[in-house]
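[1] Give me a model of this one.
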Amino acid sequence: MQDTINVKKFGAAGDGAQDDTSAIRQATRALQHQSTLYFPSGTYRIQTPGNAVEVERLSGISVIFEPDAILLMDNLDANQLGTGHAFYFKGPASNLILEGVSIKWKTRPSARSKGDGIRIDGPYSSAGPSEDQTFKNIEIKNCDIENSPQTGMVLMGCSNIHI
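    Residues are numbered from 1 along each chain as shown. Okay, the predicted model is just below:
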């Protein structure tokens, strides 16, 4: 049975006005292997520079958004350039599920810059990933990403991907 980490229980307002960055980062730090990061209905505003959610070397993670939940990225710098990714998963790890994730940058960036909607990296080197270092078994269901400064999704050093 997976533990469910509800971002609202960590202080996220989900009202589209308050900066929910700190609460979401606290909720993310509470994740352990085999847990779910849950976003109930609401608009979760990220105003602080950097990655909104960063998860490293955890397996069995699910990220579930209610159908009307949105992660609103409002963290462009003074030049309207991106300052971080919405979701950044670093491996090696396995069994990641992203379901209903909806990410929108409030303002279209002025130029291509740092800020992928979803970035998943298995460790890699110039020689390429080794099988034991890939990010394996990824399921991506009904996700939507708009106006990202860099690209919607990056998968590097990953295997067994189902979209």
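[2] which residues touch the closest residue to Pro92 other than its chain neighbours?
    Residue nearest to Pro92 in three dimensions, not counting chain neighbours: Gln133, with 4.7 Å by C-beta to C-beta, 6 or more residues apart in numbering. All C-beta atoms are positioned from the backbone trio N, CA, C, and that covers glycine. For Gln133, the contacting residues are Gly91, Pro92, Gly122, Pro123, Tyr124, Gly157, by C-beta atoms under 8 Å, 6 or more residues apart in numbering.
[3] same deal with Asp77?
    Taking C-beta under 8 Å, 6+ apart, we find Asp77 in contact with Pro49, Thr83.
[4] Please name the bridge partners of the closest residue to Ala69 other than its chain neighbours.
    Leaving aside its chain neighbours, Ala69 sits nearest to Phe39 (4.2 Å; criterion: C-beta to C-beta, 6+ apart). Counting by DSSP bridges, Phe39 is bridged to Phe65.
[5] and Met153, how many neighbours?
    Per other C-beta atoms under 10 Å, the neighbour tally for Met153 reads 18.
[6] Please name the nearest non-neighbouring residue to it.
    Excluding its sequence neighbours, the residue lying closest to Met153 (C-beta to C-beta, 6+ apart) is Ile118, at 4.6 Å.
[7] where does that neighbour fall, phi/psi-wise?
    Backbone torsions for Ile118, taken as degrees, to the nearest 10, come to phi -130, psi 130.
[8] So what pairs up with it in the strands?
    In this structure, Ile118 bridges to Phe87, Met153 when assessed by DSSP bridges.
[9] Also Asp144?
    Counting by DSSP bridges, Asp144 forms beta bridges with Ser102.
[10] That one contacts Ile118, correct?
    No - Asp144 is not in contact with Ile118 according to C-beta atoms under 8 Å; the separation is 10.7 Å.
[11] intersection of neighbour lists for these two?
    Val101, Ile103.
[12] Roughly how far does the residue nearest the centre of the chain sit from Ile118?
    Against the mean C-alpha coordinate of the chain, by C-alpha atoms, centre = their mean, the closest residue is Phe87 at 1.8 Å. Distance of Phe87 to Ile118, given as C-beta to C-beta, to the nearest Å: 5 Å.
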